[in-house]
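Colleague: compute the structure for the input listed below.
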Amino acid sequence: MNPRQILKEYFGYDAFRDGQEQLIEHILQGGDVLGIMPTGAGKSVCYQVPALMLPGLTVVISPLISLMEDQVATLRESGIPAVCLHSNLDAQQYADALRAVRSGQVRLLYAAPERLETEWFLSLAQTIPIAMLAVDEAHCLSQWGQDFRPSYLHILDFLQALPERPVVAAFTATATETVRIDIKRLLGLRNPYELVTGFDRRNLRWIVEKPKKKDDALLHILARNRDKSGIIYCISRRKTEEVCDMLQQKGYAVTRYHAGLSPEERSANQEAFLRDEIPLIVATNAFGMGIDKSNVSFVVHYNMPKSMEAYYQEAGRAGRDGMPAECTLLFGANDVRINEMLIDSSQDNDAMTPEQREWVRRKDHERLQAMIRYCNLTDCLRHYILRYFGETAVTYCGNCGSCLTETETIDATIPAQKILSCVYRLKQRERSCGAKAICEILTGKATKQIREQGYETLSTYGIMQDTAEQQLRHMVDILLSRGYLLQQIDRMNTLALTAAALPVLRGQETVEMALPKRDLQQTLREQRLQAMPDYDMDEQLFQRLRKVRQKLAAQEYVPAYIVFSDATLRELCIKRPTDADAMLAISGVGKHKLEKYGKAFLDALHEYAAESV
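Modeller: Down below sits the predicted model:
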């Protein structure tokens, strides 16, 4: 069979997505590849399809047990023999997996990078022909990346110890140009075919909110995403527990996931979420890498992540089925302090030298600054994300929090001068304040801090008392996002002038600002994602097919999306096939799944049609 035939028979798709076919073709020709593809773009297909065609075993390096198990379960449901080797297997399971590998029954073997360092694994690899080594989450190789793992550095040693070097294929969703150079060097890729398919997930709506009360903002988000599946990320175990408890008290069906839970509870909670038994999960960043749950309709970051790479990867778990999805970040000043503390106290890098740890720490702080700029942005959020990853982009996308906010552009040179002057006057007294205190000084508030520090004697005290507090804060955010002001993390997030501010203060440069005319929340409530694609689908039939899927998933003890994705169910609702041949034409329905599940769905469609007569 050729790649397209394999794609249809095993995966149920008629055509490849952007970039997949080119990467597969280069692998089949014996060449190394590096694929930079966003979450949901189908990276795994790029090595799974050639694994069924190459003469030998494909070894897949993957960083997490949950990721490996999810991939293997998905492959088996599609009729593809695959196993994974990890520390959670008991002795019998381990022996069975090894026996299957040695007998040649397995096409794909998933393993953590730590396994490559063991003598028995190297012995196994030297006696079995390995056709391809696929490295998933390849950004873990680079100290410039957001998730550096020293164990990944042993992959090249493993390759050099093999009797014959296999094809090497590396994939990741997030990699800047510097990280891509590192990946190629540290894996010893030989003249690799490199493909960056683009980071723009057009079905995702990007939103940043700065609420006074995050719990209230979260409840508003859940209200506008009622009856949908979502992930809520928190920065710590304690906050995860607090948010989960709050939502349970409000009557939401929600579970939790963090490293402080027992392995049994983590697994049970993850399974309940993946099987759609519970629609919401509150989690730390320990949850989700590689979890291919297709019907996640929204992701909320209750706290700001420490890098754009981490944010893009976590938020990108929404909308993997191509349907409209919402990614909201709830930003608070305390998020900056917590992330700084986490960076400086990180114990994850014990395998590195002191010099390496200091290098990583400095790069983490640089990434944190980029994340802070994103949170203070008033221009197009999508434009910022794409530019961060090295892509050109339009400055208005029409589908992010900034672009959806109704604004009025004004000449704000004088207000900008007043704000910058306030920061300058504080510096003259060898003082500095955060954004909130700056606004309080400018509007003439009589707070305890102002009285104790004598700030009411500043020449800028009260000079913007007629400006609304929300509008003034918006102006400060614009000056931050444009680089006139800098947030000093090492000084409790106080503001400082940059060189770019001097021409404005001297009257040599004008500043235009687009200030909000209308509340974004009102716009979101009215739109309810109307700007997204509209799908002509019978919701009642869709819910019936979901119940059929849930029953089959429970029988097979697999997550519901592994049976069929929401996108496949929607296409079944729209096209309503009446026989096996027609159902095989549905995207996501391959021969193996048709034989296994086809009758149950066709029966449900027939019953619904009879009831509708």
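
Colleague: ranges for the helices of the stretch 301-450 of the chain?
Modeller: In order along the chain, the stretch 301-450 of the chain carries the following helices (DSSP state H, counting those that start in this stretch): 308-315, 333-344, 354-375, 381-388, 401-404, 413-428, 435-442, 448-453.

Colleague: and the ones you listed: which comes nearest L502?
Modeller: Ranking those by proximity to L502 (CB to CB) places helix 413-428 first, at 8.9 Å. Backbone N, C-alpha and C define where each C-beta goes, glycine included.

Colleague: returning to what we had before: which of the helices of the stretch 301-450 of the chain is buried the deepest?
Modeller: The highest average neighbour count among the helices of the stretch 301-450 of the chain, using mean count of other CB atoms under 10 Å, belongs to helix 308-315 at a mean of 23.

Colleague: show me what it is packed up against.
Modeller: In terms of contacts (3 or more CB pairs under 8 Å, 6 or more residues apart in numbering; DSSP states H and E), helix 308-315 is packed against strand 296-301, strand 325-330, helix 354-375, helix 381-388.

Colleague: which residues touch that helix?
Modeller: Residues from elsewhere that reach helix 308-315 (CB atoms under 8 Å, 6 or more residues apart in numbering): 38-39, 139, 145-147, 173-174, 199, 204, 206, 231, 233, 285, 288-289, 299, 301, 304-305, 327, 329, 367, 370-371, 374, 385, 388-389.

Colleague: how far off helix 381-388 does that helix point, in degrees?
Modeller: Relative orientation of helix 308-315 and helix 381-388, computed by axes from the mean of the first three to the mean of the last three CA atoms, to 10 degrees: 130 degrees.

Colleague: write a PyMOL command that selects only the buried members of the contacts of helix 308-315.
Modeller: Here is the PyMOL command that picks out the buried ones among these, judged by 16 or more other CB atoms under 10 Å:
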select buried, resi 38+39+139+145+146+147+173+174+199+204+206+231+233+285+288+289+299+301+304+305+327+329+367+371+374+385+388+389
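
Colleague: if we can go back for a sec, using CSV, lay out the helices of the stretch 301-450 of the chain together with distance to L280 and mean pLDDT.
Modeller: Listed next are the helices of the stretch 301-450 of the chain as CSV, based on distance: least, CB to CB, whole Å; pLDDT from 0 to 100:
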stretch, distance to L280, mean pLDDT
helix 308-315, 15, 90
helix 333-344, 21, 86
helix 354-375, 24, 84
helix 381-388, 24, 90
helix 401-404, 22, 86
helix 413-428, 40, 95
helix 435-442, 31, 94
helix 448-453, 39, 92
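
Colleague: what is Q488 paired to in the beta sheet?
Modeller: On the basis of DSSP bridges, Q488 is bridged to T494.

Colleague: kindly apply the preceding question to L108 instead.
Modeller: Beta-bridge pairing for L108 (DSSP bridges): T58, A82.

Colleague: surely it meets A82?
Modeller: Yes: between L108 and A82 a contact is recorded at 4.1 Å, counting by CB atoms under 8 Å.

Colleague: shared neighbours of these two, anything?
Modeller: Shared contacts of L108 and A82, defined by CB under 8 Å, 6+ apart, comprise V72, L75.

Colleague: returning to what we had before: just put the helices and strands packed on helix 308-315 in CSV and tack on distance to Q270.
Modeller: As requested, the helices and strands packed on helix 308-315 are arranged in CSV below (distance: least, CB to CB, whole Å):
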stretch, distance to Q270
strand 296-301, 13
strand 325-330, 20
helix 354-375, 27
helix 381-388, 28
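
Colleague: out of those, which comes closest to L261?
Modeller: strand 296-301 (20.3 Å).

Colleague: helices or strands next to that closest one in the packing?
Modeller: helix 214-224, strand 229-233, helix 308-315, strand 325-330.

Colleague: cool, thanks, talk later.
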